[in-house]
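Colleague: got a predicted model here, sequence first, then my questions.
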4 protein chains.
Amino acid sequence: MSKAKSTYKTQLRALQIELVKAQAWAIESGQKMAVVFEGRDTAGKDGTIRRVVEHQLIRALRVVALPKPSDRDRSQWYFQRYVAHLPAAGEWVLFNRSWYNRGGVEPVMGFCTPQEHQLFLADTPAFEQMLVESDIKLVKLWLDISKHEQAERLDERRKDPLKLLKTSPLDAEAQKRWDDYSNARNEMLTRTHTATAPWMVVRNDKKKLGRIEVLKHLLQVIGAPKTSKKIGATDPDILFPFSLEAITDGRLES
Amino acid sequence: MSKAKSTYKTQLRALQIELVKAQAWAIESGQKMAVVFEGRDTAGKDGTIRRVVEHQLIRALRVVALPKPSDRDRSQWYFQRYVAHLPAAGEWVLFNRSWYNRGGVEPVMGFCTPQEHQLFLADTPAFEQMLVESDIKLVKLWLDISKHEQAERLDERRKDPLKLLKTSPLDAEAQKRWDDYSNARNEMLTRTHTATAPWMVVRNDKKKLGRIEVLKHLLQVIGAPKTSKKIGATDPDILFPFSLEAITDGRLES
Amino acid sequence: MSKAKSTYKTQLRALQIELVKAQAWAIESGQKMAVVFEGRDTAGKDGTIRRVVEHQLIRALRVVALPKPSDRDRSQWYFQRYVAHLPAAGEWVLFNRSWYNRGGVEPVMGFCTPQEHQLFLADTPAFEQMLVESDIKLVKLWLDISKHEQAERLDERRKDPLKLLKTSPLDAEAQKRWDDYSNARNEMLTRTHTATAPWMVVRNDKKKLGRIEVLKHLLQVIGAPKTSKKIGATDPDILFPFSLEAITDGRLES
Amino acid sequence: MSKAKSTYKTQLRALQIELVKAQAWAIESGQKMAVVFEGRDTAGKDGTIRRVVEHQLIRALRVVALPKPSDRDRSQWYFQRYVAHLPAAGEWVLFNRSWYNRGGVEPVMGFCTPQEHQLFLADTPAFEQMLVESDIKLVKLWLDISKHEQAERLDERRKDPLKLLKTSPLDAEAQKRWDDYSNARNEMLTRTHTATAPWMVVRNDKKKLGRIEVLKHLLQVIGAPKTSKKIGATDPDILFPFSLEAITDGRLES
């Protein structure tokens, strides 16, 4: 095993041990947390979530990945089907894609009207503020990758028989509409990044580094009293709060 | 049958016929409506709802009267269990008591903390605005009665064996805490009456008059194209939009 | 008011008072009850249910009238969407049409395959036995009307603007396929009438008489200790347990 | 990497590739499958499920691990809360523990009455037959381990900080009540092993061998047309249908 690989495994294990202890505390103390995993296709959402979930108590930790809305769903209040999955006391909920579908794939692919898109951007800060005020720790993670890296991952995916189920007709659009997705991302992050519910950007071209920083960040947010002090700070080259400058100075890929 | 009684029956029947036609139109056109029925104990919520529902298509019209929240419910986002019942296309939902429990019975009886009460009052306008923006016709009805009338109705209720199931230990508090309930009502109406989601006050000491006006108002809000023009305007002595003056000029009971 | 009408009202009121007391007892003692209301179109299901429900505690008494199944529903275990509504402790559930759709309207109108129909008839006794063994009082009521009476009621319905929402394209089929419906009924009653979950037939051409007998029967099944002894026995000319003879001797309409 | 380990990884990968193809087919053809994973504490349920799920489409494959029933749940029909999770067309559902709680942990630990236990054993065959008749592929897996192996795994679990959340006060009982659990298992398998819903025993002291056989068996049951013929037959020393002889000849641990 290479040294880098071995370091990763050691770090990952140490963080997962802390996360296990943290959940035991969260269950006892009734902490509620909702984590939103967003990012372009192949950004690393599934893989990151898998490392978060791996040793946790699944009875108190739901991963929510909603299927396409039915016609009835589509006629309801947009947030309604997500609200049904919000955490109760002692529960953590991970959203693998979330209400932010309407900030990215839906407007880019034409699955919602421009009016619905704008309404979503206007409503989301108020919606999220209510969740935070009701004592839900809300973490919003934007996993960011470069166009080149996405191209490689899509290519790999096509070739890997284990990833057959992950391929979809939308894959072809991810690269073709790269700029549209960048613009949608910029507008979404800009308009829904608030003091109460900030976006954290994760530069995820090197996904192992990204996973380590996500785990650190979650541990900080959870704030269990017994979390080891050796965990250390997150690396601001990998994970940092969104800001407008990050668009212009190239820390967000374009 | 007295003349007044016969007039009431005739009017009620005519309005119910219009409501039946209106629902046929709402189902076809996909209209969504949520009606909140609020008011003190014995204010006439059940009876009014019964006249609204009587001839409607129950498959597209739900009456929602939620039981006491479980411990798990109580630990969630306050609005969550109400959101689950919001209407889809072509549906009407009548809330027999609603999220406004936290604006009245909960603070008065000490079932929520003062902080939760204040948070509720602050959040509700934003919450309701989102519902309205998602094309839900939101009607909020405050059925208002006088202290004397409530005393009589509570008395009647105690004596009527058919109303055995409506009596509850809270009945005794309704009169005892009359002023607390008045104050809670005033604060609630003042802070949650908005241009997008206004409160309509229904002076309901004479409940038959109240029912007639509620039916008229619902027909106006629904706005089905074929509603008979003979329905006429609502009577502003019985049903009117809330305003601060209504507290001071005695149109709201104290 | 005619004497017959006045007697009906007096009787109805007395029975409803007993039912109110019975529910208070059921809630306290945790009794569960499920009542299936079945019968041809216009047989009187809605009207009977309304009299049962009128003064009861709606928070512990659900009326379940399921909409057409979605495609997803249709692909599941047939009983699944009904099971979701079965009563918990202290609850009564009234099914306005039920799983027995598959014993009547579905096979007659071709909404299910003959195989599905047969499977349903074979499975139902075992399904219901499990419910009864789990301490659910299961009451199955077949409201029976004559062809002539149905014709009149359909006619009335067409003319009454308050019944606009009750008319449906299926109405025309009710008379046209009268014999098919009779045959389906006979097979259904014969194969699903069991000792643990018997069918009660209600001769309902005179619907007021029928309602009175249904209320009496429910009170007997509930068996609250304080039910007045004056209630008396049910009238076997109106309400009686199904038997094969009832088909041949004309007590069931053909 | 040792040769055994490398063979395992190669085999696992090949089977997972087949399972990925099989799910693509199941989604398209609308196949429904429910898999019950049962076994004593530490028998390997979680680990086996993880390998089954690893590369599958999570939107069409639910893992159901129900929390302790609430008081309301407990008062309902026992199967009700499981029925809510049965698969619709194109869905696979894996039950990590299932309704068979009432055949093992509940009677052994005194969480149900002997009557409830017996009723469960009597009802289950009829319940499962209905599921199978409704075109659900029902797979029931009993993961079997020896007393010695369980002792070692419990010991490991206590020492491994990553397994903190898996430890529970019930762990201590697993060894102490080993014989009670054996007897409950024997009665449960004997009485609920039917031609339509047979139990498959998985000798799982060597859990990697067990996982391989479970994957093979699932592929056989699914029967996707393109499953590679190289998969081969299951090994009857590891996975075999339950029979009474398996109790007496020692193939089931005691």
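Modeller: Ah, there it is.

Colleague: get me the contact residues on the stretch 51-200 of chain A for chain D.
Modeller: When proximity is defined by C-beta under 8 Å from any C-beta of the partner chain, the stretch 51-200 of chain A lies next to chain D at A:55-59, A:63, A:65-67, A:96, A:161-166. C-beta coordinates here come from the backbone N, C-alpha and C atoms, glycine included.

Colleague: could you list the low-pLDDT ranges of chain A?
Modeller: A:1 (pLDDT under 70).

Colleague: show me which residues of it sit near chain C.
Modeller: A:Ser70, A:Arg72.

Colleague: gap between A:Ser2 and chain C?
Modeller: Separation of A:Ser2 from chain C (C-beta to the nearest C-beta, to the nearest Å) stands at 48 Å.

Colleague: likewise for A:Gly110?
Modeller: A:Gly110 is 24 Å from chain C, by C-beta to the nearest C-beta.

Colleague: just the ones in strands from the residues of the stretch 51-200 of chain A next to chain D, please.
Modeller: Under the assignment DSSP state E, those contribute A:Val63, A:Asn96 to strands.

Colleague: now, which of the residues of the stretch 51-200 of chain A next to chain D sits nearest B:Ala197?
Modeller: The closest of these to B:Ala197 turns out to be A:Leu66 (C-beta to C-beta; 28.0 Å).

Colleague: which non-adjacent residue is nearest that closest one?
Modeller: A:Arg81 (6.3 Å; C-beta to C-beta, 6 or more residues apart in numbering or on different chains).

Colleague: for burial, what's the neighbour tally of the residue lying closest to A:Leu244 once chain neighbours are set aside?
Modeller: With C-beta to C-beta, 6+ apart as the criterion, A:Leu244 has its nearest non-adjacent residue at 6.5 Å, and that residue is A:Thr190. A count of nearby residues for A:Thr190, using other C-beta atoms under 10 Å in any protein chain shown, gives 14.

Colleague: would you say A:Thr190 is within a helix?
Modeller: Yes: per DSSP: H, G, I helix; E, B strand; the rest coil, A:Thr190 lies within a helix segment.

Colleague: now it: how far from A:Val202?
Modeller: 18 Å (C-beta to C-beta, to the nearest Å).

Colleague: out of everything not next to it in sequence, what's closest to A:Asp41?
Modeller: Distance criterion C-beta to C-beta, 6+ apart; nearest residue to A:Asp41, sequence neighbours excluded, is A:Ala174 at 4.3 Å.

Colleague: list the buried residues for the one helix or strand the one you found maps to?
Modeller: Element membership for A:Ala174 (DSSP states H and E) is helix A:171-176. Within helix A:171-176, the residues that count as buried by 16 or more other C-beta atoms under 10 Å in any protein chain shown are A:Asp171, A:Glu173, A:Ala174.

Colleague: show me the contacts for A:Ala184.
Modeller: Contact analysis of A:Ala184 by C-beta atoms under 8 Å, 6 or more residues apart in numbering or on different chains lists A:Gly103, A:Gly104, A:Pro107, A:Val108.

Colleague: residues in contact with A:Gly39?
Modeller: A:Lys45, A:Leu141, A:Trp142, A:Leu143, A:Asp144, A:Ile145, A:Val202, A:Asn204.

Colleague: partner residues bridging it?
Modeller: Following DSSP bridges, A:Gly39 is listed with bridge partners A:Leu143.

Colleague: you'd agree A:Thr234 is up against A:Glu213?
Modeller: Yes: using C-beta atoms under 8 Å, A:Thr234 is in contact with A:Glu213, at 5.1 Å.

Colleague: more neighbours: those two, which one.
Modeller: Set A:Thr234 next to A:Glu213 and count neighbours by other C-beta under 10 Å: A:Glu213 wins out with 25 against 19.

Colleague: quick one: the more buried one from A:Asn204, how far?
Modeller: A:Glu213 is 9 Å from A:Asn204, by C-beta to C-beta.

Colleague: the residue nearest to A:Leu66 - that's part of a helix, no?
Modeller: Yes: counting by three-state DSSP, A:Arg81 is part of a helix.

Colleague: what sits closest to whichever residue of chain A sits closest to chain C if chain neighbours are left out?
Modeller: Residue nearest to chain C within chain A: A:Ser70 (7.2 Å; C-beta to the nearest C-beta). Spatial nearest neighbour of A:Ser70, excluding adjacent residues (C-beta to C-beta, 6+ apart): C:Ser70 at 7.2 Å.

Colleague: kindly report the same for A:Gly30.
Modeller: A:Ala89 (3.8 Å).

Colleague: ok, A:Leu15 next?
Modeller: A:Leu215 (4.1 Å).

Colleague: host element of the one you found?
Modeller: helix A:207-222.

Colleague: need the residues that contact that helix.
Modeller: Contacts for helix A:207-222 (C-beta under 8 Å, 6+ apart): A:8, A:11-12, A:15-16, A:18-19, A:22, A:25-26, A:31, A:33, A:35, A:44, A:47-48, A:51-52, A:137, A:139, A:141, A:143, A:200, A:202-204, A:227, A:231-235, A:238-239.

Colleague: just the buried ones from the residues you listed?
Modeller: A:8, A:11-12, A:15-16, A:18-19, A:22, A:25-26, A:31, A:33, A:35, A:44, A:48, A:51-52, A:137, A:139, A:141, A:143, A:200, A:202-204, A:227, A:234, A:238-239.

Colleague: what about these, which are in strands?
Modeller: Checking the buried ones among the contacts of helix A:207-222 against DSSP E, those in strands are A:Met33, A:Val35, A:Lys137, A:Val139, A:Leu141, A:Leu143, A:Met200, A:Val202, A:Arg203, A:Leu239.
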